[in-house]
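Q: Please work out how this folds:
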Amino acid sequence: MPIELDDRGRALENEYFHRKEKELLEKMKAKIGGEEAKDLQKQCPKCDGTLYETDYENITIDVCDKCTGVWLDAGELAQIAAKDEEKGGWFGGLFK
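A: Residues are numbered from 1 along each chain as shown. Okay, the predicted model is just below:
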């Protein structure tokens with residue numbers, strides 16, 4: 001009989017720790033999910049405002065919601081200059 005009680009005690013202990021580990025994993029997943037969502041919002045390097053994407057002549061650029069600064073990713077300045085040069089504008093002529 002005492003062996004059965006020991007087995008039952010171990011089984012209950014295993015169940016308890018399994019449940020606690022599952023709760024901890026769910027909390028960690030929720031925390032990581034919240035951090036990933038936070039990382040998706042880009043911060044303005046100048047004023048720590050939030051950058052949002054907008055289209056300028058079919059080119060996606062980032063604009064700050066606080067200082068209205070415009071931030072370009074790699075290659076976007078070249079695309080804007082090329083489009084302006086096609087139109088005969090002064091901006092595209094700066095980068096010839």
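Q: isn't residue 71 right up against residue 43?
A: No: Residue 71 is not in contact with residue 43 according to C-beta atoms under 8 Å; the separation is 10.4 Å. All C-beta spots, glycine's among them, are computed from the backbone N, C-alpha and C.
Q: Could you name every residue contacting both of the two?
A: When contacts are counted by C-beta atoms under 8 Å, 6 or more residues apart in numbering, residue 71 and residue 43 are jointly contacted by residue 51.
Q: Would you mind finding the longest helix in this protein?
A: Of all segments of type helix in the chain, defined using DSSP state H, the longest is helix 2-40.
Q: partners of the next helix or strand after that one in the sheet?
A: Scanning forward in sequence from helix 2-40 by DSSP states H and E, the next helix or strand is strand 42-43. Using DSSP bridges, strand 42-43 pairs in its sheet with strand 50-56 (antiparallel).
Q: Any chance you could list what contacts the partner strand?
A: 41-44, 60-66, 71, 80.
Q: Show the buried residues in those residues.
A: Using 16 or more other C-beta atoms under 10 Å as the burial test, the contacts of strand 50-56 include 44, 61, 62, 63, 64, 80 as buried.
Q: Per-residue pLDDT of the last one, please?
A: Right, the one you point to is residue 80. Residue 80 carries a pLDDT score of 83 in this model.
Q: wait, what's in contact with it?
A: Per C-beta under 8 Å, 6+ apart, neighbours of residue 80: 56, 57, 59, 72, 91.
Q: mind redoing it with 7 Å?
A: For residue 80, the contacting residues are residue 59, by C-beta atoms under 7 Å, 6 or more residues apart in numbering.
Q: Distance of it relative to residue 61?
A: 8 Å (C-beta to C-beta, to the nearest Å).
Q: and stretch 54-70, how far apart are its ends?
A: 10 Å (C-alpha to C-alpha, to the nearest Å).
Q: Distance from that stretch to the middle of the chain?
A: Remark: stretch 54-70 is offset 18 Å from the chain centroid, using C-alpha atoms, centre = their mean, to the nearest Å.
Q: what's the answer for stretch 8-23, then?
A: Stretch 8-23 sits 36 Å away from the centroid of its parent chain (C-alpha atoms, centre = their mean).
Q: what's the answer for stretch 75-86, then?
A: How far stretch 75-86 lies from its chain's middle: 27 Å, per C-alpha atoms, centre = their mean.
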